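Build the 3D model from these lines:
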Amino acid sequence: VVVGSVMDLGYAESRAKPTCFRTAIYPAFLKSRYFVTDEEVPGAMVRQTPRKGGVKLPSDAVKMRRALNGFLTDRKSAGEVEMAKRIVYFARRGRRCFNAETDEKLEGILANTASKHGMELSTVFFDKKTFKEQVESVWDATVGIGLHGANLVNTMFMPSSASLIEIMPYGFSHDMYVGGSGSGLYYLRHDITEVEEYPGKKPGQPIKECIRGSNECKVFYRGDYRKLVMNGEDLKGIQTLLDDAANVALGAR
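Okay, the predicted model is just below:
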């Protein structure tokens, strides 16, 4: 079953009698883990060895990718989609995005990296795509890169040998998309160093304390309503991560 919201599961009608499915694909935004490691399954016999970066590939993530491929291609039995030599930039517009200059410089680095490694570059905006279009935009990607945000949920549909680079706004931190939302991707993260402080933060006050005590402070550092900027050091750092991500993923093809 593929559901679009919690309402489709009958949750709102009766919490005492939830609807249960053996397998479900839930494309909406959830602040949770999507998979558990094999070691966390009671009685599991499989003990998978962590790959580079300490990431473990859950068996259920592999099964999900195969089942989704079969569902979308109308085949009863299908393996994972073969990974293409492609970088996908998870682009954003409107809320929480880069300013025009930063975005242009970042796309230039992405294009140069793709060319250096013999790859293609796809810039994808997910906000107006159907669920199927979102999946098909990423399901054969070698490397995914994007600013922290809900569109990174789609990274779970990338091949299990792919790499993900998450860019985190200055002063903000979140672990929801580590490993492609727990789907086993090689995960790298860059924290923006270009300083922009919340006007209401007290002098010397730690950012974490400000965020805990004020929702306005949290929203500011999360970058919801301002254009984010990266400096030269940020861009150099991302270039290094891109080369690492490409080499790891291409080595697994």
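
Phi and psi next, for Ile109.
According to degrees, to the nearest 10, the main-chain angles of Ile109 amount to phi -60, psi -40.

which ones are touching it?
Leu235, Ile238, Gln239, Leu242 (C-beta atoms under 8 Å, 6 or more residues apart in numbering). Every C-beta, even on glycine, is put in place using the N, C-alpha and C of the backbone.

Could you list the low-pLDDT ranges of the chain?
1-21, 23-33, 40-54, 76-78, 252-253 (pLDDT under 70).

show me where it has strands.
Ranges of strands in the chain, per DSSP state E, are 86-91, 97-98, 120-125, 143-147, 163-168, 186-191, 227-228.

burial count for the residue nearest to Ala246 when sequence neighbours are not counted?
Closest residue to Ala246 apart from its sequence neighbours, by C-beta to C-beta, 6 or more residues apart in numbering: His117 at 4.6 Å. Using other C-beta atoms under 10 Å, His117 has 18 neighbouring residues.

so His117 makes contact with Ala245?
No: taking C-beta atoms under 8 Å as the definition, His117 is not a contact partner of Ala245, at 9.8 Å.

highest average neighbour count across the strands of the chain?
Of the strands of the chain, the one with the most neighbours on average (mean count of other C-beta atoms under 10 Å) is strand 143-147, at a mean of 26.

helices and strands around that one, which ones?
With contacts defined as 3 or more C-beta pairs under 8 Å, 6 or more residues apart in numbering; DSSP states H and E, strand 143-147 has these neighbours: strand 86-91, strand 163-168, helix 232-251.

separation between the nearest residue to Asn231 once chain neighbours are set aside and Gly200?
Spatial nearest neighbour of Asn231, excluding adjacent residues (C-beta to C-beta, 6+ apart): Glu194 at 4.6 Å. Distance from Glu194 to Gly200, counting by C-beta to C-beta, to the nearest Å: 20 Å.

Same drill for those two, tell me which one is more crowded.
The neighbour count for Glu194 versus Gly200, taken as other C-beta under 10 Å, is higher for Glu194 (14 against 11).

so who does the more buried one touch?
With C-beta under 8 Å, 6+ apart, Glu194 has these contacts: Tyr170, Leu228, Val229, Met230, Asn231, Asp234.

OK, contacts around the closest residue to the fourth one other than its chain neighbours?
Leaving aside its chain neighbours, Met230 sits nearest to Thr102 (4.9 Å; criterion: C-beta to C-beta, 6+ apart). The contact partners of Thr102, taken as C-beta under 8 Å, 6+ apart, are Lys227, Leu228, Val229, Met230.

Run a quick neighbour tally on the third one.
Val229 is flanked by 15 other residues according to other C-beta under 10 Å.

wait, doesn't it sit right on Thr193?
No: counting by C-beta under 8 Å, Val229 stays clear of Thr193, with 10.4 Å between them.

Could you export the strands of the chain as CSV, including distance to Gly79?
Shown next, in CSV, are the strands of the chain (distance: least, C-beta to C-beta, whole Å):
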stretch, distance to Gly79
strand 86-91, 18
strand 97-98, 36
strand 120-125, 22
strand 143-147, 20
strand 163-168, 20
strand 186-191, 20
strand 227-228, 38
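
And the helices in the stretch 51-200 of the chain, which stretches?
Secondary structure of the stretch 51-200 of the chain (DSSP state H, counting those that start in this stretch): helices at 59-72, 100-116, 131-138, 179-182.

Find the residue closest to the residue nearest the centre of the chain in space, skipping its chain neighbours.
In the chain, the residue lying closest to the centroid (C-alpha atoms, centre = their mean) is Leu152, at 3.1 Å. Distance criterion C-beta to C-beta, 6+ apart; nearest residue to Leu152, sequence neighbours excluded, is Tyr177 at 4.5 Å.
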